[in-house]
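A.B. asks: quick one, fold the following:
(one chain, ligands or ions: 1)
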Amino acid sequence: MGEPACRACHARTGHLVLDLGEQPACDYFPRCDDPGPDPVYPLQMWLCSSCGLAQLVADPTLPEEPRGTEPAALVAQAADAVGRVATAGLLPDGCRVAEYGSPHGGSWLGLLARRGLAPVHGGEPADVVLDCFGLMHSANQSEALAERVARVATGGVLLLQYHSLDTIIRCGQWNALRHGHYAYYSTTALAAMLAANGFSPRTAWRFDLYGGTVLLAARRDADMRTGPDGAVESLLAEDTRVGVRDPAVLGGLQRDALARANGLRDWLVAERSAGRAVLGYGAASRAVALLRRAGVDRGLLPAVVDASPAKQGLRMPGTDIPVVSPAQLAARQPDDVLLLLTDLLTEVRAAFPAVEAAGGRWVDAETVGSCPESG
Ligand SMILES: [Zn+2]
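C.D. replies: Below is the predicted model:
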């Protein structure tokens, strides 16, 4: 295969920085009685040398997972974000808003309506054009961004929220890479993409969500009375410090992937040898690549608990591990519950106190078996 063309700037020079091999579509949860094998596709990240956008190589054009239970962390962050943007004076009462949502849910329109913003539909211009984890789902990044900026009314603002690439690098979040997520934005790369559309970042906010999520406010260059503020400058400086455009830095994700998968497998084998009962929690698409890379089957992890009724009776993609209901936590009384969604720790401890009451532990799959000093 030759070099791919950048999804944003169409350049053909870049580097393959992460290769997770053949993976199933991580939101293709087959029924338990479907014996498989599930279809698999290459899962690779490529870094454009020209604009700096990290992106998905293959495009099997797969459907997104159904909207499941919206995690409380996401709901709380949305409220926090809307409050901060309003405080900055960017959400005046009565202004029009257009939202480009994520297929995973998490609309801000309800929060914005309570502040007096009126939604517009059907491609009409808006004073606030909001994209919350939506843009990454577009295979054609240049076209998708052009569509959003075109809807920003004169004097209006474009709000883009993304899980930032510097976070993915700093936290070794190699499993952020998944089919259907075509772009992994650094503030640097997004600023270049905006510049190609005559827009510039004006200000930004950082949130702890997913280890580091950025909400960037951009304006048309003609509407910019001042340049980017300190928050934007600080994000760009952090990008430089981390090395978001350096293929060697991104290559560290490949080593992280191997270390996490080996760590998980070793831990599960040790648990089984010690006669400890383990259940997984969170049939998350993010967990699929980890379980596959670690070669985990139901012999090591008998089931994954998930609160979404839509996922029960299904199995984890690319494995024979069934998804079961939360009632199984009480029924099986596991010694350890392997949490496959780090963001949910506070939530699940509160929701299922019976686990710890019975002497069980919640164990974070992101850190299990890893050796923090080796990194
Ligand atoms: Zn590019």
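
A.B. asks: make it CA atoms for all contacts and neighbour counts henceforth
C.D. replies: OK.

A.B. asks: residues from this protein in reach of the ion?
C.D. replies: 6, 9, 48, 51 (C-alpha under 5 Å from the ion).

A.B. asks: can we see that at 6 Å?
C.D. replies: Contacts of the chain with the ion, taken as C-alpha under 6 Å from the ion, map to 6, 8-11, 48, 50-53.

A.B. asks: dump those into a markdown table; add neighbour count as well.
C.D. replies: Below are these laid out as a markdown table (neighbours: other C-alpha atoms under 10 Å):
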| residue | neighbour count |
| --- | --- |
| 6 | 26 |
| 8 | 26 |
| 9 | 17 |
| 10 | 15 |
| 11 | 15 |
| 48 | 27 |
| 50 | 17 |
| 51 | 21 |
| 52 | 25 |
| 53 | 29 |
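
A.B. asks: now the residues you listed as JSON lines including secondary structure?
C.D. replies: Putting the residues of the chain next to the ion into JSON lines (DSSP: H, G, I helix; E, B strand; the rest coil) gives the following:
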{"residue": "6", "secondary structure": "coil"}
{"residue": "8", "secondary structure": "coil"}
{"residue": "9", "secondary structure": "coil"}
{"residue": "10", "secondary structure": "coil"}
{"residue": "11", "secondary structure": "coil"}
{"residue": "48", "secondary structure": "strand"}
{"residue": "50", "secondary structure": "coil"}
{"residue": "51", "secondary structure": "coil"}
{"residue": "52", "secondary structure": "coil"}
{"residue": "53", "secondary structure": "coil"}
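
A.B. asks: farthest pair in those residues?
C.D. replies: Pairwise distances among the residues of the chain next to the ion were taken by C-alpha to C-alpha; the largest, 11.6 Å, belongs to 10 and 52.

A.B. asks: now do the contacts for residue 92.
C.D. replies: With contact set as C-alpha atoms under 8 Å, 6 or more residues apart in numbering, residue 92 has these partners: 86, 116-117.

A.B. asks: helix or strand for it, which one?
C.D. replies: Residue 92 is located outside every helix and strand, with elements delineated by DSSP states H and E.

A.B. asks: kindly report the same for residue 271.
C.D. replies: With DSSP H and E as criterion, residue 271 is part of helix 252-273.

A.B. asks: quick check: mean pLDDT of that helix?
C.D. replies: Averaging pLDDT along helix 252-273 gives 95.

A.B. asks: ditto for stretch 58-69
C.D. replies: For stretch 58-69, the per-residue pLDDT averages 62.

A.B. asks: so where's the stretch 51-200 of the chain uncertain?
C.D. replies: By pLDDT under 70, the low-scoring segments of the stretch 51-200 of the chain are 61-69.

A.B. asks: helices of the stretch 151-300 of the chain, start to end?
C.D. replies: For the stretch 151-300 of the chain, the helices defined by DSSP state H, counting those that start in this stretch occupy 165-170, 187-195, 230-242, 247-250, 252-273, 285-293.

A.B. asks: so the fifth one versus helix 285-293, what angle?
C.D. replies: This points to helix 252-273. Following axes from the mean of the first three to the mean of the last three C-alpha atoms, to 10 degrees, one obtains 70 degrees for the angle between helix 252-273 and helix 285-293.

A.B. asks: helix 252-273 - contacts with which helices or strands?
C.D. replies: Under the contact criterion of 3 or more C-alpha pairs under 8 Å, 6 or more residues apart in numbering; DSSP states H and E, helix 252-273 touches strand 14-24, helix 285-293.

A.B. asks: brilliant, that's me finished.
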